[in-house]
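> Requesting a structural model of the entry that follows:
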Amino acid sequence: MHMLSALDATFIYLESEHSPMAIGGVYVIDASDAPEGFSYDSWYSLIKSRLKCSKVFRQRLVEVPWDLSFPYWIRDPGFDLETHLPRLKLPEPGGMAELMKMAADTWSRMLDRERPLWEMTFVEGLNTVPGITKASFALITKVHHAAVDGKAGTEMMSALLDTTAEIREIEGEDDWQPEELPSTLSVISRSWSRAGQKALDLAGFIGKVALGTAHLYSDKRLRKLDSPPRLLTAPSTIFNQPITSQRTFWGKNFDFDRIRAIRKAVPGATINDVVLAVCAGGLRSYLLGKKVLPRKPLVAMAPISVRTEKDKEGSGNQVSAMLVSLATDLDDPVDRLLNIKANTQRSKIHASALPANQITEFLPSETLAAAARVYTRTRLGGRHRPFFNVTITNVPGPPISLYVAGARIHSVFGMAPILDGLGLILVIFSYHGRLSIGISSCQQVVPDPACMVDCISRSLDDLENAVRQADPVRLAAEYPDEETEPPDSTDSLQAFRDASKALDKAIESLED
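All right, here's what the predicted structure looks like:
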């Protein structure tokens, strides 16, 4: 039994009928790449044999009365695998539109909190999906965001998947044992016992903030860079309005080599910079087509994984975030990319200097719960200036093929939840030489996600052509110019560092 972090608990508190808080994906399996006898039964048997690989499969939520503490995970005493593995047949004609709608409908419904918060639907009857053999299959996955972030979700699926068609044997005994549902008194007592540790953690957090702030203000190069966008400074768009419960979704694959070629042509650019620029061009085109492009550039929130090697096997969320201007006010694709490259550099510096992902840990659980629920249930989102316009999350996947029960995974499209006022999220996932974009929204905000995918596809074409024709000197330019001298180590910065070390030692002695 262990308590959720504040960030994980927030995903529980924010959830409502119109805002299910699950992440997931569509895994397409070409029938020509499936072994003889591949079926729902073989899939079911595989899942059953792999349950021991991840605690997420058999842990359920225990909520604390009156939100006197954050919820807990326990080992579910009533676990029933069959309830988590539904089986469906795709409606005729069994094409991409039907598959995307089935996925969207699946993600429109909340998971049952009386059992482990995940579900994987086995879909048969993919008959007219371009490039896929008739009578192929798909898997539609759904896991509550409180249980996993994008990276942990990928690792959870990796527990089920193999790197060859041969089904591997998982060593070790399954030592899982169910837990009894705890009493109200026991969970409240347990949460209060953590109060002293939280005070120690707060002291360490304050030290980190002080050190990070000192670093920002003592670095001459950083002082020259403009600050990244701030919350509530993004322009209003059609993406930032109250949402409906009916989800829309569409996914498309792109050749990863095209993204790499652009990155190599622009010194200092990253894969993420190119992806953001391609998405920015697509969003600009989509909004122009509807004649609602704002004059100010759109602002994207890009999650950053802060999961360390120590946290690698853990569940839950280990993320921070940066805000990036998407330069959608610029018409030229190269200018947009160079601008985004500079924006991400400064945003990463600010995001890494201040441990924003830890702030919610020090809010009282009842305060955090009340604030989240009031915000969700009153539908305040979309009725104020947006925090930012769109979330673009880039999840790195394996560069090799993966197999499930001996069948090769052909394509993967990722999904993530939306909220009132934040009605669009783009999930980027790399897999075996391709990069997929999954567009998650709702009927009110983006009723035509296939159109948006086409806009993004044209944006990639435009950026490729523009970079190919651009002067190499222009591509190497910095926006803005940066000094090459090293950061200035002032006496005040050293003082902060010394104080931080002393604070760490004091905390260690108190813990002992």
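> from here on, contacts and neighbour counts on C-alpha atoms
Noted.
> give the contact list for the spatially closest residue to Leu117 that is not a sequence neighbour.
Closest residue in space to Leu117, ignoring its immediate chain neighbours: His144 at 5.5 Å, by Cα to Cα, 6 or more residues apart in numbering. For His144, the residues meeting the contact criterion (Cα atoms under 8 Å, 6 or more residues apart in numbering) are 21-23, 111, 117-118.
> same thing but 10 Å
Under the criterion of Cα atoms under 10 Å, 6 or more residues apart in numbering, the contact partners of His144 comprise 8, 11-12, 15, 20-24, 56, 110-111, 113, 116-119, 153, 316, 416-417.
> can you check Arg458 too?
So, once contact is read as Cα under 10 Å, 6+ apart, Arg458 ends up touching 278, 281-282, 285, 452, 464.
> what kind of secondary structure is Phe57 in?
The three-state assignment at Phe57 reads helix, by DSSP: H, G, I helix; E, B strand; the rest coil.
> residues near it, how many?
In terms of burial, Phe57 registers 24 neighbours under the definition other Cα atoms under 10 Å.
> where does it land on pLDDT?
pLDDT, Phe57: 93.
> same deal with the one 3 residues further on?
For Arg60, the pLDDT comes out at 94.
> For it, give the beta-bridge partners.
Per DSSP bridges, residues listed as beta-bridge partners of Arg60: Ile74.
> so it makes contact with Val143?
No - Arg60 lies out of contact with Val143 (Cα atoms under 10 Å); the separation is 11.9 Å.
> list residues touching both of those two?
Taking Cα under 10 Å, 6+ apart as the contact criterion, the common neighbours of Arg60 and Val143 are 116-118.
> Out of the residues you listed, grab the one that's most surrounded.
For these, counting by other Cα under 10 Å, the largest number of neighbours falls to Pro116: 27 neighbours.
> That residue in helix, strand or coil?
coil.
> Identify the residues contacting it.
56-61, 73-76, 78-81, 83-84, 143-144, 147.
> Thr77: which element?
Quick fix: residue 77 is Pro, not Thr. Using DSSP states H and E, Pro77 falls within no helix or strand.
> Spatially nearest residue to it (excluding sequence neighbours)?
In this structure, Pro77 finds its nearest non-sequential neighbour in Pro178, 4.6 Å apart by Cα to Cα, 6+ apart.
> Phi, psi for that neighbour please.
For Pro178, the backbone dihedrals are phi -70, psi 160 (criterion: degrees, to the nearest 10).
> does it really touch Asp80, like I thought?
No - in terms of Cα under 10 Å, Pro178 does not count as a neighbour of Asp80; the distance is 11.9 Å.
> shared neighbours of the two, anything?
Arg58.
> For the residue nearest to Pro77, grab the count of nearby residues.
The criterion is other Cα under 10 Å. On that basis, Pro178 has 13 neighbouring residues.
> residue contacts, it?
Contacts for Pro178 were tallied using Cα under 10 Å, 6+ apart; they are 58-59, 74-79.
> Give me the PyMOL select line for the residues you listed, limited to the buried ones.
Restricted to buried positions by 16 or more other Cα atoms under 10 Å, the PyMOL selection for the contacts of Pro178 reads:
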select buried, resi 58+59+74+75+76+79
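> closest to Arg50 among the contacts of Pro178?
Arg58 (11.3 Å; Cα to Cα).
> what pLDDT, on average, does stretch 114-122 get?
96.
> what does stretch 460-480 contact?
With Cα under 10 Å, 6+ apart as the test, stretch 460-480 has contacts from 224-226, 254, 258-259, 261-263, 265-269, 274-275, 277-279, 281-282, 332-343, 454-456, 458-459.
> Report the buried members of those residues.
When burial is judged by neighbour count using 16+ other Cα under 10 Å, the buried members of these are 225, 259, 262-263, 265-266, 268-269, 274-275, 277-279, 281-282, 333-343, 455-456, 458-459.
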